[in-house]
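>>> Here's my sequence, what's the structure:
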Amino acid sequence: MDDSKVNVPAYRQVNFGQAIVLFFINYFEFSGRSSAGAYWYFALWSFLLVILFTVIDFTFDLEDKYINFNNMFSLVTLLPGISLSVRRLHDINRSGWWLLLSITLIGLIPLIYWACQRGDRVENDYGSDKEAGRDS
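So this is what the prediction gives:
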């Protein structure tokens, strides 16, 4: 096995905090690439906030209201979540249009599989092997 394909270069590694910052820096950025780490750290962050907001909504009896914390969070993160997903697909050299598979339940299976794949370690059709939003 080639070790260069296993190890993630330092300029591609992101920690939890960096992933959240990059998520908001690239709010409207649909070009470029995002690593699996950036994608899954955002997923973890979103999951934790949804749990927190659900508890808050139930505590203050807001779960049946149109304006509650979960709905506001969904509105704030919808567009950047889509852009992150498109950049994640770009990282494995797939078009962002594949994200339309999420309309069907069965289409979620290949999307989750692709989100777990290691990104290309070379320049591909969507840019160089660089995390979107980073200078180096």
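>>> State the three-state secondary structure for the residue most central in space within the chain.
The centre of the chain sits closest to residue 39, judged by C-alpha atoms, centre = their mean, with a distance of 3.3 Å. Residue 39 carries the three-state label helix when classified by DSSP: H, G, I helix; E, B strand; the rest coil.
>>> so where does the closest residue to it other than its chain neighbours fall, helix or strand?
Ranked by C-beta to C-beta, 6 or more residues apart in numbering and with sequence neighbours excluded, the top spatial neighbour of residue 39 is residue 88, at 4.6 Å. (C-beta placed from N, C-alpha, C; glycine too.) Under the criterion of DSSP states H and E, residue 88 resides in helix 69-91.
>>> got the CA coordinates for that helix in CSV?
Output in CSV follows, covering the C-alpha atoms of helix 69-91 (Å, rounded to 0.1, in the frame of the first residue of the first chain):
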residue,chain,number,x,y,z
PHE,A,69,-34.3,27.4,17.7
ASN,A,70,-34.2,24.3,15.5
ASN,A,71,-36.0,26.0,12.6
MET,A,72,-33.8,29.1,12.9
PHE,A,73,-30.6,26.9,12.9
SER,A,74,-31.9,25.0,9.9
LEU,A,75,-32.4,28.3,8.0
VAL,A,76,-29.0,29.6,8.9
THR,A,77,-27.2,26.5,7.9
LEU,A,78,-29.1,25.3,4.9
LEU,A,79,-27.2,27.2,2.2
PRO,A,80,-23.7,26.7,3.7
GLY,A,81,-24.5,23.0,4.3
ILE,A,82,-25.4,22.6,0.6
SER,A,83,-22.2,24.4,-0.4
LEU,A,84,-20.1,22.2,1.9
SER,A,85,-21.7,19.1,0.5
VAL,A,86,-21.0,20.2,-3.1
ARG,A,87,-17.3,20.9,-2.2
ARG,A,88,-17.1,17.5,-0.5
LEU,A,89,-18.3,15.9,-3.8
HIS,A,90,-15.8,18.0,-5.7
ASP,A,91,-13.1,16.5,-3.4
